[in-house]
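[1] turn this into a model:
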Amino acid sequence: MSSSRQESLIDRCKQHGLRITGQRRVILEVLDASDDHPDVEELHRRVSAIEPGVNIATVYRTMNKLAEQGLIERHQFDDGRLRYEPAPEEHHDHFINVETGEVIEFRSDEIEDLQEEIARKYGFEIVSHKLELYVRRRKGH
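    Alright, predicted model coming up:
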């Protein structure tokens, strides 16, 4: 998702005291501008198109550092690849299209409320969760 929905990753990194090298800046800008959930290989491909000198190990290290700081989220959908997105300011869930691999974000207050209600019923408090729904387009749609 683009940075228009929240503060840029560069600004958030600065707030966490992370150095912004030239290569890291390009990686952050590319991830911020992504409307999908790229894996490291795809991210490296996009970064290399802008800054050819960035090697894939730099992208891996950057993603690990950002994840440690809670600035990005890692997702592992059924394809087994680790995919990334900037950590959202507001929780959301995902549809994963099993035919195309497309990942669609959505938010439902009704689902969130129902999860809280069920957790309370069983004596729990939700501290974290991920909801991934694997979908395909209905025939005729």
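[2] now the residue nearest the centre of the chain: phi and psi?
    Nearest residue to the geometric centre of the chain (C-alpha atoms, centre = their mean): E85, 2.0 Å. Torsion angles at E85 (phi, psi; degrees, to the nearest 10) stand at phi -150, psi 150.
[3] pLDDT weak spots in this protein?
    With pLDDT under 70 as the threshold, the chain has low-confidence stretches at 1-6.
[4] go again using 80 as the cut-off
    By pLDDT under 80, the weakly predicted segments of the chain are 1-6, 78-79, 88-90, 141.
[5] where along it do the strands fall?
    72-76, 82-86, 93-97, 103-106, 132-135 (DSSP state E).
[6] which one of these is the most hemmed in?
    strand 82-86 (a mean of 20; mean count of other C-beta atoms under 10 Å). C-betas here are computed from N, CA, C, even on glycine.
[7] what comes into contact with that one?
    1, 3, 6, 9, 12, 31-32, 34, 37-40, 43, 63, 66-67, 71-77, 103 (C-beta atoms under 8 Å, 6 or more residues apart in numbering).
[8] return the subset of those residues lying in helices.
    Counting by DSSP state H, the part of those found in helices is L9, R12, L31, D32, V40, L43, M63, L66, A67.
[9] list only buried entries from those residues.
    L9, R12, L31, D32, V40, L43, M63, L66 (16 or more other C-beta atoms under 10 Å).
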